[in-house]
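K.L.:
can you look at this prediction? I've put the sequence above it.
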Amino acid sequence: MNLDDYARQDALGLAELIRTQRVSRTEVIEAALEAIELANPALNAIIEVYADAAHAAARAPVEPAATFAGVPFLLKDIGSHDANVRFEMGSRLTQGLKAPPFASELVNRFRATGLVVIGRTNIPELGSSCSTEPYLYGPTRNPWQLDRSPGGSSGGAAAAVAAGIVPIAHANDAGGSIRVPAASCGLFGLKPSRNLNPVGPDAALALNGLAAELIVSRSVRDTAAMLDATAGPDPGAWCYTPRFSGSYLEEAARPPKKLRIALQLGSLFPPTRIDPEILELTRAAARLCESLGHTIEEAAPEWDVEPVMDAFCTIWMTNLRAALEALSTITQRAVSEDTVEPHVLAAWRDAKMTPAARLQWALEQLNTPARAYGRLFQRYDVLLSPLLSTEPFPLGEVGKIPARHFRDWFIEMSRLSPFTAPVNAAGIPAMSVPLGWSRAGLPVGVHFVAALGEEPTLLKLAMQLEAAQPWSGREPSHHVARLARGAH
C-alpha cells in the first residue's frame, strides 16, 4: 500500500479496504510505520513507537466484523492507559514510569474494535496547557505551519492525524484538550458528555468531572463509529451520562431537524478580544447553518464569570498537587524546578495554601455554568461560537506567560481558547468543526455545544456541515502524501 493511498483514507475507509482484502493488515501497519519515519521527525508528535507489538497485533486473529480491524491507532500519554507501557504524562518527574499492569476500560474498548496501537503521543506536562511543548520531549509542531502550535493537550494526537500518519488517535479534554488541537489542526473533535465514555477503573470522575475521553479524527463518521464502540458505563461506574439507545453512526447519517442555534460572539472565560478574522469566520459558519435551514439568533449563557474562573483554577491546581504528591512518592523524586515546569510548580505551591473548604466551594461553583447552559438549551438546540481567539498561535506563546501564581497563568493561557472550559465545567458535549481557514491558510475550528447527552444532535449537524463544506481534501504542507511524493 503506497503512502498516498494510505494517508487519504479515514479509519472506516482503511477498515473497509482490509475487510474486503484489497490490502492486508500487515501492509497497513507497515504504511503507518513508514509514515511515522517520514513525517514525525519534523513534527515530534509521537514519542514512542511500538513497532514489534504492532506487527504482532497485525498478525494475530481478529474478529472480521470489528469496526476498525487492522487500523493503526495512537494512545495519548495521559488519561486512559494501556497496561505495562511507559506512561510519563509529559513530565520529567515521571520519566520512565510504567502504567499499571492493567489497561483502562476505554483502551480495552478501543482494542475490541480491532485497532492496532502503534505508539503514544506527546502532551504538555500533566495535560495542563493548551500548547504541547513539554520540557521532557520538546514541542510538537503543527503540520500546517511548523512554527505554530498544534494546540494541547492532545497536540501530538492532532498533529499525527492531520499529517496523515494515522486516521484517528486517542484524545481527552478537561478544558479544551480535544477541541483546541482539532481546531488548530483542521480536524473534527468531539468532547462527549461527562462520563459518557468510561474513565475507570482508575477514576470515578476524572479531574473532578472536568475531563472526558474520545478521539480526534479527520471525518465525522469515524468519531460517531468510535462512540458506538466506547460509550456507556463500565462496571462500578460512580456516575455517568446514559448513552444513546441507537447507533451514533446511523443517527449521524440522518439529516438533523431544523435547529434553533444561538450565536455567541463575545467570550466569557475569561473576557477576551477575539480576532476580527475569527469572528467573521464564525459568522460565515452561522450563515452556512442558515443556508441548511437552521435558524440563528445571537444569544449566550449568562452567569457571574469571576467565581467560576476562580473555581476552575482551584480544581486544576489542587488536582495537579494531588497528582504530583502521588507521582513523587512512586518515583522517589522530589517536586522541584528540576522535575516540573514553572506553571505546574506554581500550582504545587499555591494548592498547598488552599484549604479543603475552598476546594468544596470550587466544586459547588460548577453548578453555575451547568444551570446557565441548561436555561439556554430550553430555548435553543445548539450554541455556536468561535473556539480559539485567534488563528493557531505560534509555538512559545504560552511559554511567555508569567507563572508566579497558577491562577494568573491559567487565566492568561485561557485567553487563547476562552470558549472551551465552561463546557467542561458544565459536563456537556461540544465539538470543533473545521469550517474556517484564515487568510494565512491556517485552519480555524468553529465551536458547537449542546445539552447533556445530545451527542446525536451534534453529530448529525456535523455530518451535514461536512457534506455541505467538505474539509477532507485539504492537506497541510507537512503531510505524509506530500512528503512521499517529494521523496520520489
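P.N.:
Sure thing, it's come through.
K.L.:
I'd like to know which elements the longest helix seen in the chain is packed against.
P.N.:
Among the segments of the chain that qualify as a helix by DSSP state H, the longest is helix 305-331. Where contact means 3 or more C-beta pairs under 8 Å, 6 or more residues apart in numbering; DSSP states H and E, helix 305-331 is packed against helix 342-352, helix 356-365, helix 367-376, helix 406-414, helix 421-426. All C-beta atoms are positioned from the backbone trio N, CA, C, and that covers glycine.
K.L.:
so which of these gets nearest Ala182?
P.N.:
Across these, Ala182 has its closest neighbour in helix 421-426 (13.7 Å, C-beta to C-beta).
K.L.:
right, and the helix or strand after that closest one?
P.N.:
strand 430-437 (DSSP states H and E).
K.L.:
hang on, Ala212 packs against Gly189?
P.N.:
No. With contact defined as C-beta atoms under 8 Å, Ala212 does not count as touching Gly189 (11.2 Å).
K.L.:
what's the angle between the longest helix of the chain and helix 406-414?
P.N.:
Using axes from the mean of the first three to the mean of the last three C-alpha atoms, to 10 degrees, the direction of helix 305-331 lies 110 degrees away from that of helix 406-414.
K.L.:
list the buried residues for helix 305-331?
P.N.:
The neighbour-count check on helix 305-331 (16 or more other C-beta atoms under 10 Å) flags 305, 308-321, 323-324, 327-328, 331 as buried.
K.L.:
repeat that for stretch 137-152.
P.N.:
Result for stretch 137-152 [16+ other C-beta under 10 Å]: buried residues 137, 139-146, 148-152.
K.L.:
pLDDT averaged over it - what is it?
P.N.:
Stretch 137-152 shows a mean pLDDT of 98.
K.L.:
and stretch 401-414, by the same measure?
P.N.:
Here the average pLDDT along stretch 401-414 is 98.
K.L.:
for it, buried residues please.
P.N.:
So for stretch 401-414, counting by 16+ other C-beta under 10 Å, buried means 401, 403, 405-414.
K.L.:
using PDB, list the CA coordinates for that stretch.
P.N.:
Coordinates of the C-alpha atoms in stretch 401-414 are reproduced here as PDB (Å, rounded to 0.1, in the frame of the first residue of the first chain):
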ATOM      1  CA  ILE A 401       3.100  33.900  30.200                       C
ATOM      2  CA  PRO A 402       4.500  34.600  33.700                       C
ATOM      3  CA  ALA A 403       3.900  31.700  36.100                       C
ATOM      4  CA  ARG A 404       4.400  33.200  39.500                       C
ATOM      5  CA  HIS A 405       0.900  32.200  40.500                       C
ATOM      6  CA  PHE A 406      -1.100  29.400  38.900                       C
ATOM      7  CA  ARG A 407      -4.400  31.300  38.700                       C
ATOM      8  CA  ASP A 408      -2.900  34.200  36.900                       C
ATOM      9  CA  TRP A 409      -1.000  31.900  34.500                       C
ATOM     10  CA  PHE A 410      -4.100  29.800  33.800                       C
ATOM     11  CA  ILE A 411      -6.400  32.700  33.100                       C
ATOM     12  CA  GLU A 412      -4.000  34.300  30.800                       C
ATOM     13  CA  MET A 413      -3.500  31.000  28.900                       C
ATOM     14  CA  SER A 414      -7.300  30.600  28.700                       C
END
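K.L.:
which residues touch it?
P.N.:
By C-beta atoms under 8 Å, 6 or more residues apart in numbering, the residues outside stretch 401-414 that reach it are 129-130, 175, 269-270, 309-310, 312-313, 316-317, 320, 341-343, 345-347, 350-351, 398, 421.
K.L.:
can you pull out the helices in the stretch 1-150 of the chain?
P.N.:
Under the criterion DSSP state H, counting those that start in this stretch, helices of the stretch 1-150 of the chain are mapped to 3-8, 11-19, 25-43, 51-59, 105-112.
K.L.:
mind putting the ones you listed in TSV, distance to Gly96 included?
P.N.:
Below are the helices of the stretch 1-150 of the chain laid out as TSV (distance: least, C-beta to C-beta, whole Å):
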stretch	distance to Gly96
helix 3-8	33
helix 11-19	31
helix 25-43	21
helix 51-59	18
helix 105-112	20
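K.L.:
ok, which of those helices comes nearest Thr94?
P.N.:
helix 105-112 (18.6 Å).
K.L.:
quick one: list the elements packing against the closest one.
P.N.:
Contact analysis of helix 105-112 by 3+ C-beta pairs under 8 Å, 6+ apart lists strand 72-76, helix 220-230 as its packing neighbours.
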